[in-house]
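**Q** coords please:
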Amino acid sequence: MCRVCRHVKLLKPMDGGGFTWDSNKFSPFGTYSQLLTRNHCSICRLILSLDTVDGGHTLHPRLAQIDREIQGTQFHAQLLPSGEVMLGVEYGMTTVGALRLLTPDNLSDALRQPCPRLALGTLFLNIYNKRYPHLLEGDQRVDFGKIRSWLYECNGIHGELCNSLGNTQRYASEIPPILIDVQDNCLVQAASAEKYFTLSSVWGKVKISQTINANIQDHFQKSSMDPSQYPNTNTRRYDISPIPW
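**A** Below is the predicted model of the structure:
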C-alpha cells in the first residue's frame, strides 16, 4: 500500500483474523491526478479502475465534467444484509462503485466468473488448511479439504449451468396465463379482449380441486368447475368478483 493508504488506515484487523474496512476513518483521498501518482498501490489502482476508461489512462468523461473544486475521491460504508461492509467509492459526489474484500465465505457470491473463482478457491483452501492444521491431523473420518475442493469445483463449474436458465430451451416458449371465470365456472386463457381480476391462491396445505394435465381440457368447458370444491377464501372471492368496482 502507498503512504496515503497506510496513513488513512482504510483497513482494520478483525478479532478472528483477517481485515475489514474501517468505516469510522474515511477522509478525502485525492483527485484523479493524485491517484495516478500512486498507481503502484493496490487500493489506489482499484479506485482508478472505477474512475477511468481506456485501461486507467483517462478520467471518465462524465467525471471530468464535474467542477474541479469538488473533484476528488471520497468513501462511504455500504452494509450488505449479511453484515459485510463494502467500501463505497465516490468521485466528485458521484458514486462510481465499491470495493469488496474477498473471503472464503463470500467468494461464490462476489465472483461470477468460474475460472477466477476456482483459482481463488484453491488459494483460500490452502490458507484455511494452514490456519487450522488440526483438521487435517489425527483419525479424521472426513477429509475436509477434499470436500471443500469438491464444493468449490462444483459451484464454479456447474453452479451457473444448474441454477440459471442459460441456454436451456425449457422456458423458451411463452406460458399463457390461465384464469378462472367466476361466472362461467371454468378456466379461460387471458386475452386482451376481456378484462379479468387476478386473485392470488391460498397458501399452505389445503384440500383443493387441482387442475393437472389430465383434466385441464375438461376444465376449459363451461360449468366444469364447482366453487364448493374450493376453500372458503376462494369461495368468498368468487362472490366478490362479479360486483362492479
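**Q** residue boundaries of the strands in this protein?
**A** Under the criterion DSSP state E, the chain carries strands at the ranges 11-13, 19-21, 52-53, 58-59, 73-79, 85-91, 94-99, 178-181, 186-189.
**Q** got TSV for these, with mean pLDDT and distance to Asn215 too?
**A** Quick note: C-beta positions are derived from backbone N, CA and C, even for glycine. Listed next are these as TSV, based on pLDDT from 0 to 100; distance: least, Cβ to Cβ, whole Å:
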stretch	mean pLDDT	distance to Asn215
strand 11-13	81	63
strand 19-21	80	58
strand 52-53	86	60
strand 58-59	87	65
strand 73-79	85	51
strand 85-91	87	52
strand 94-99	87	52
strand 178-181	80	13
strand 186-189	85	10
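**Q** so which of the ones you listed is the most packed in?
**A** Of all the strands of the chain, strand 85-91 carries the top mean neighbour count, a mean of 21, counting by mean count of other Cβ atoms under 10 Å.
**Q** and it, what does it pack against?
**A** strand 19-21, helix 42-51, strand 73-79, strand 94-99 (3 or more Cβ pairs under 8 Å, 6 or more residues apart in numbering; DSSP states H and E).
**Q** coming back round to it: out of the strands of the chain, nearest to Ser223?
**A** Ser223 lies closest, by Cβ to Cβ, to one member of these: strand 186-189, at 6.8 Å.
**Q** returning to that earlier point: can you put the helices and strands packed on strand 85-91 in TSV and add distance to Lys222?
**A** Shown next, in TSV, are the helices and strands packed on strand 85-91 (distance: least, Cβ to Cβ, whole Å):
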stretch	distance to Lys222
strand 19-21	65
helix 42-51	62
strand 73-79	56
strand 94-99	58
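**Q** of all the ones you listed, which one is nearest Asn106?
**A** Of all the helices and strands packed on strand 85-91, it is strand 19-21 that lies closest to Asn106, at 11.7 Å by Cβ to Cβ.
**Q** would you mind pulling up the elements that that closest one packs against?
**A** Under the contact definition 3+ Cβ pairs under 8 Å, 6+ apart, strand 19-21 sits against strand 11-13, strand 85-91.
**Q** need the per-residue pLDDT for Thr235.
**A** On pLDDT, Thr235 comes in at 63.
**Q** got a pLDDT number for Ile218?
**A** Slight slip there: residue 218 is Asp, not Ile. At Asp218, the pLDDT value in this model is 91.
**Q** the chain: helices as residue ranges?
**A** Counting by DSSP state H, the chain has these helices, from start to end: 3-8, 32-36, 42-51, 61-64, 107-110, 114-131, 144-157, 159-163, 216-219, 232-240.
**Q** just give the closest residue to Ile66, not the sequence neighbours.
**A** Sequence neighbours aside, Gly92 is the residue nearest to Ile66 in space, at 3.7 Å (criterion: Cβ to Cβ, 6 or more residues apart in numbering).
**Q** likewise Trp21?
**A** Counting by Cβ to Cβ, 6+ apart, Trp21 lies nearest to Leu87, which is 4.5 Å off, once chain neighbours are set aside.
**Q** equivalent analysis for Asp184, please.
**A** Lys222 (4.6 Å).
**Q** any idea how far Cys186 is from the one you found?
**A** 5 Å (Cβ to Cβ, to the nearest Å).
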